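K.L.:
Model the structure of this input:
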Amino acid sequence: MKINSVAILGLGAVGSYLLWGLSKKTDIELYVIAEGERKSRYEKEGFTINGKEYHPIIKTPEEAKGVDLLIVTVKYNSLRPALSDIEKMVDKNTMVMSLMNGVESEDIIAEKIGEEHIIYSLIKVAAEREGNSVVFDPETTIGIIYGEKDLNRGSERVEALAELFGKAGLHHASSDVILHEIWNKFRLNVANNQIQAIIGCGVGAYRDSEHLGFLRKKVREEVEEIAKAKGIDFSLCKSTPVGSKVADRARYSTLQDIDAGRHTEIDMFAGAVVRMGKELDIPTPYNEFIFHAIKALEEKNDGKFDYK
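P.N.:
Model prediction:
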């Protein structure tokens with residue numbers, strides 16, 4: 001199996017890392033998916049990644065029908081609206097990789113196109129975005145982890161991805177316990193992304209403040225209780241280090257969204273923890289508080305209670 005064409009749906013920090021790497025390959029068709037005004041804007045403005053301008057081919061979902069590999073990197077709240085576009089691109093041989101945060105995106109996509117198309121994966125990249133510009137350190141980026149949920153499928157797809165990413169300079173690794181790895185990243189995101197977003201501080205504060213450390217520990221413990229009930233064993237996770245090396249000033253994606261006045265992916269973090277906790281009858285008071293606190297920050301950014 002060889003991957004000859006790749007489409008990227010969603011050009012934020014993760015999509016930019018992929019575009020940066022895959023643009024180096026001359027033996028594949030690479031395109032970004034967009035239509036309407038967004039397509040026109042992408043074609044006119046391009047993308048700035050680590051100070052370099054990129055002008056990839058932009059295709060509509062219909063034009064990308066039958067792509068070998070579709071990589072989905074949209075924001076959580078944009079996933080369900082994008083399902084019809086995903087369906088338009090997928091044919092019987094298309095492999096779909098979701099590099100979104102959280103633990104739900106593969107299941108949501110599979111509801112529309114079938115799980116047989118999905119290769120499970122995660123990505124760890126510490127990037128900063130300002131407008132149309134994305135910056136990251138390629139050397140310290142952990143990169144993409146992928147694997148088959150059902151090991152009986154064999155290794156053909158995993159080997160094809162290794163060839164694709166390896167020759168693109170993208171950091172990558174395969175895992176035969178990919179679901180556990182995805183949950184391990186989820187645990188990391190829930191613990192690190194959320195408290196920082198409420199306080200509005202760099203990640204160094206987790207080391208400097210015992211109070212932030214306490215809150216991080218409590219939200220992480222709630223995830224661990226839910227994961228245990230779902231049969232997730234974090235001790236199996238060996239292919240990924242704890243996280244990308246970041247500066248003390250670093251602000252993770254949730255805080256970057258708050259800073260920019262955007263809505264966050266809190267529904268995918270604390271929101272998902274609360275939903276699963278209710279299903280499993282596991283209390284999640286810390287994540288429930290965080291969910292409502294960040295929703296209130298979003299409302300504040302929206303001007304809902306701006307009483308100047």
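K.L.:
Let me see the backbone angles for the residue nearest the centre of the chain.
P.N.:
The centre of the chain sits closest to M100, judged by CA atoms, centre = their mean, with a distance of 2.6 Å. Here is the backbone geometry of M100 (degrees, to the nearest 10): phi -80, psi 160.
K.L.:
Show the residue spans covered by the helices in this structure.
P.N.:
Applying DSSP state H to the chain gives helices spanning 13-22, 36-45, 76-89, 105-113, 156-166, 178-199, 205-208, 210-229, 253-260, 270-280, 285-302.
K.L.:
tell me, which strand in the protein spans the most residues?
P.N.:
Counting by DSSP state E, the longest strand found in the chain is strand 118-124.
K.L.:
Neighbouring strands of that one in the sheet, and parallel or not?
P.N.:
Strand 118-124 has its sheet partners listed here by DSSP bridges as strand 95-98 (parallel), strand 143-147 (antiparallel).
K.L.:
Just send those back as TSV, with mean neighbour count, mean pLDDT and distance to I294 too.
P.N.:
Heads up, the C-betas are built off the backbone N, CA and C, glycines and all. Shown next, in TSV, are the strands paired with strand 118-124 (neighbours: other CB atoms under 10 Å; pLDDT from 0 to 100; distance: least, CB to CB, whole Å):
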stretch	mean neighbour count	mean pLDDT	distance to I294
strand 95-98	25	98	23
strand 143-147	23	96	27
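K.L.:
Output the helix-or-strand element of the chain with minimal mean pLDDT as PDB, nothing but the C-alphas.
P.N.:
The helix or strand of the chain with the poorest confidence is strand 127-130; it has a mean of 79 (mean pLDDT, DSSP states H and E). Extracted C-alpha coordinates of strand 127-130, given in PDB (Å, rounded to 0.1, in the frame of the first residue of the first chain):
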ATOM      1  CA  ALA A 127       2.500  25.800  18.400                       C
ATOM      2  CA  GLU A 128       1.500  29.400  18.600                       C
ATOM      3  CA  ARG A 129      -0.900  31.000  16.200                       C
ATOM      4  CA  GLU A 130      -1.500  34.600  15.400                       C
END
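K.L.:
Just name whatever secondary elements it is in contact with.
P.N.:
helix 13-22, strand 133-136 (3 or more CB pairs under 8 Å, 6 or more residues apart in numbering; DSSP states H and E).
K.L.:
and it, which residues are buried?
P.N.:
The neighbour-count check on strand 127-130 (16 or more other CB atoms under 10 Å) flags A127, R129 as buried.
K.L.:
Repeat that for stretch 77-84.
P.N.:
Neighbour counts over stretch 77-84 (16+ other CB under 10 Å) mark L79, A82 as buried.
K.L.:
what do you get for stretch 178-198?
P.N.:
Buried-residue list, stretch 178-198, by 16+ other CB under 10 Å: 178-198.
K.L.:
what does the model give the nearest residue to E104 once chain neighbours are set aside for pLDDT?
P.N.:
Residue nearest to E104 in three dimensions, not counting chain neighbours: A272, with 6.1 Å by CB to CB, 6 or more residues apart in numbering. On the pLDDT scale, A272 is placed at 97.
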